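Undergrad: Next come a sequence and a model predicted from it.
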Amino acid sequence: MGFAAALRRSEICQLKYGDIEIIKATKQTKIRMTIIIRKSKTDQESKGQKIAIVEGGG
C-alpha cells in the first residue's frame, strides 16, 4: 500500500484506521482504496489530501 500510494515512512506511521477507506470494485471503476494523508513533509499547513489506490497499483 505504501509503495502503490508513494507514501513516505512518516506518512505511513501517521495513518489511522479511519483514514483508509476500502471501496467495492465495479465494472466502471478500478479504484479499490482511498487514503487520507493528514500532514506530510510537503504539506506544512496540514491541509491534507486524499489519495486513490487503483487495482494492481504498484
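TA: Okay, I see it.
Undergrad: residue ranges with poor pLDDT in this structure?
TA: Counting by pLDDT under 70, the ranges of the chain that qualify are 56-58.
Undergrad: Now do the helices in the chain.
TA: Using DSSP state H, the helices of the chain run over 9-13.
Undergrad: Centroid-nearest residue for it?
TA: I35 (2.7 Å; CA atoms, centre = their mean).
Undergrad: in terms of contact, does that residue touch I23 like I think?
TA: No: counting by CB atoms under 8 Å, I35 does not reach I23; the two are 11.4 Å apart. Where you see a C-beta, it was placed from the backbone N, CA and C, and this is true even at glycine.
Undergrad: Can you tell me how far the residue nearest to the centre of the chain is from K27?
TA: I35 sits 23 Å away from K27, going by CB to CB, to the nearest Å.
Undergrad: thinking again about what came up before, in the sheet, which residues pair with the residue nearest to the centre of the chain? Tell me.
TA: I20, I51 (DSSP bridges).
Undergrad: For it, give me its contacts.
TA: By CB atoms under 8 Å, 6 or more residues apart in numbering, the contact set of I35 is 1, 5, 7, 15, 19-21, 50-51, 53.
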